[in-house]
Structures are given as C-alpha cells and as structure tokens.
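Undergrad: make a model of this:
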Amino acid sequence: MKNSFIFVLSVLFVFGCTKQSFIGEEYLGAKYVKSPLGEEKAPDTDPLIRFDAFDCTTFVETSLAHGDVDKLIKIRYKDGNVDFLSRNHFIETDWLNNNQDLLENVSDLYGKTEIRTVINDKQNWFLKKHNLKTNIKPQRAEIKYIPYKNIDKIETKEPLIVLFIYKNPKIYDKIGSDLAVIHIGFLLPNGQLRHASRRYGRVMDTNFNKYIRQIAKNEHNIGITLVKIK
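TA: Next up, the predicted model:
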C-alpha cells in the first residue's frame, strides 16, 4: 500500500512538472473590450486595473505586471506618471522606449529583418481622436521587424512578446498619425499565440504560424517584431 501511494505521488509530481503554463494563462476567456483601462479621471475615467476584460495591449501589460497595479502603472506610463498625456499610447515610440529595462527586441535571432520607419504625430492624434490640444512634436522611430516573406516557422523556448507590424498610408487620415504596431500578444513555447482577440471577443490561444499566414494575406500587414522579456 505504501509503495502504491508513493507511486501515485510520483506520477502526480512528474505530471505537474511537465504540464506547461505560460504568462497570461489566468486571463484566458476574459472578454475583449476596447480601451478598458484609464486614469479614473477625465478624459478617461476607466479603472487603473481590471481582470475581467482586456484589449490586446492591456492584456499584455497586465500579464507583464502579474496583476500588480504598481507594476502596471510603471509599464503603462512614462516615469510612472498616471496621466492621460503620459500614457504610453503608441507601442513603437512610447511603450518600447519607456520600458527598455524590461524589453529587448530580439527579432534578429529569429529571421532576416528590415526596418519600419514610423512618425507618430501625437499632437494631431490627440486633437483628432480625443479633442485635446497639445504641443507635442512628431516622434520618429525605427522598429526592426521580420517581414512575413522571411518567415517559414518560428519556434521559441521562452515566451516572447510579438508585435504585428502594419503599414498603410491611409491610416493618417483615419487617426491623425502614422501607426506601425497594429496588434500585440505573446508567442508561447508551445507554438500558440496568446492574445486578446477583437475578432473572437476574448483572450484566447491560437496557432501562431497559422495565424500569421492568414493575416499576411493583407498587404498592409508586413511582418512581426519579437521582443524578449528581460
């Protein structure tokens, strides 16, 4: 009887060690809501943190912060200053630059890269999208990415952040600025993309390589940037 009990415990231990769980798992199934977080004051009165609903960016940010509001604030705002104007609105010029202690572009390790140059006109964007007048000068950034034409199959041994790179001259007329990063999620070692999907309305896993083959059919979707979590 004793030996049988030990055997069962051993099996359970091995199963527990081999079962994979990855970043953001606790939020799987949560609903997709556009811009669910804010500063709890005008012009965005949404809460600083919530766990029942995400868009693609807030899902990644909350997962990186492990649900801790102080860590989340540091990720979402320049210098941790909770203010709408200080929020890292643009991934390519704000979010990546202000989180260099946490993030590293490792695209070169996974494929032949190119450079997407983007100029975010935040002054015009704030005015057009939020009716806010600012004196922010346009910000230029060069983001290294792997074009879809250079991707066969990507595998990783650790979770990576994946940025989906976009280029469409007409986007300026729509939002008042250029835009390079159109979507964000996690590429997992099991080959899944974990992301908050607007199409399916929830946080979910989907086969990464199948996903990129599908979206690459749109000429404005030009590639991916892979970011290591330090």
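Undergrad: quick one: stretch 66-80 to chain centroid distance?
TA: 14 Å (Cα atoms, centre = their mean, to the nearest Å).
Undergrad: model confidence over it, on average?
TA: Mean pLDDT, stretch 66-80: 98.
Undergrad: tell me where the chain has strands.
TA: Under the criterion DSSP state E, the chain contains strands at 31-32, 53-54, 103-105, 114-120, 139-147, 160-166, 181-187, 192-197, 202-207, 221-229.
Undergrad: TSV please, covering those strands and showing distance to Thr45.
TA: C-beta coordinates here come from the backbone N, C-alpha and C atoms, glycine included. TSV is the format used below for these (distance: least, Cβ to Cβ, whole Å):
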stretch	distance to Thr45
strand 31-32	19
strand 53-54	15
strand 103-105	29
strand 114-120	25
strand 139-147	27
strand 160-166	28
strand 181-187	24
strand 192-197	21
strand 202-207	23
strand 221-229	31
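Undergrad: any chance of these in TSV, plus mean neighbour count, mean pLDDT and distance to Tyr77?
TA: Shown next, in TSV, are the strands of the chain (neighbours: other Cβ atoms under 10 Å; pLDDT from 0 to 100; distance: least, Cβ to Cβ, whole Å):
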stretch	mean neighbour count	mean pLDDT	distance to Tyr77
strand 31-32	16	98	23
strand 53-54	22	98	18
strand 103-105	17	97	15
strand 114-120	17	97	17
strand 139-147	17	97	16
strand 160-166	24	98	18
strand 181-187	23	98	17
strand 192-197	24	98	20
strand 202-207	18	98	23
strand 221-229	22	98	19
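Undergrad: quick one: closest of the ones you listed to Ala42.
TA: strand 53-54 (20.7 Å; Cβ to Cβ).
Undergrad: measure stretch 83-93 end to end?
TA: 17 Å (Cα to Cα, to the nearest Å).
Undergrad: neighbouring contacts of that stretch?
TA: 38-39, 43-44, 57, 75-79, 94-95, 98-99, 118, 120, 122, 125-126, 130, 132, 134, 139-141, 143, 163, 177, 179-181, 184 (Cβ atoms under 8 Å, 6 or more residues apart in numbering).
Undergrad: how far is that stretch from where the chain is centred?
TA: Taking mean C-alpha positions (Cα atoms, centre = their mean), stretch 83-93 and its chain are 14 Å apart.
Undergrad: do the same with stretch 116-133
TA: Distance, centroid of stretch 116-133 to centroid of chain: 20 Å (Cα atoms, centre = their mean).
Undergrad: convert the C-alpha atoms of it to PDB, please.
TA: In PDB, the C-alpha atoms belonging to stretch 116-133 read as follows (Å, rounded to 0.1, in the frame of the first residue of the first chain):
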ATOM      1  CA  ARG A 116      10.000  50.100 -40.500                       C
ATOM      2  CA  THR A 117      10.300  53.800 -40.000                       C
ATOM      3  CA  VAL A 118       7.300  55.500 -38.400                       C
ATOM      4  CA  ILE A 119       6.500  59.100 -37.400                       C
ATOM      5  CA  ASN A 120       3.800  59.400 -34.800                       C
ATOM      6  CA  ASP A 121       2.100  62.800 -34.900                       C
ATOM      7  CA  LYS A 122       0.800  62.700 -31.400                       C
ATOM      8  CA  GLN A 123      -0.300  66.300 -31.400                       C
ATOM      9  CA  ASN A 124      -2.600  65.700 -34.400                       C
ATOM     10  CA  TRP A 125      -3.700  62.300 -33.000                       C
ATOM     11  CA  PHE A 126      -4.700  63.800 -29.600                       C
ATOM     12  CA  LEU A 127      -6.700  66.500 -31.300                       C
ATOM     13  CA  LYS A 128      -8.400  64.300 -33.900                       C
ATOM     14  CA  LYS A 129      -9.200  61.300 -31.700                       C
ATOM     15  CA  HIS A 130      -9.600  63.000 -28.300                       C
ATOM     16  CA  ASN A 131     -10.200  66.700 -28.900                       C
ATOM     17  CA  LEU A 132      -7.100  67.600 -26.800                       C
ATOM     18  CA  LYS A 133      -4.700  70.400 -27.700                       C
END
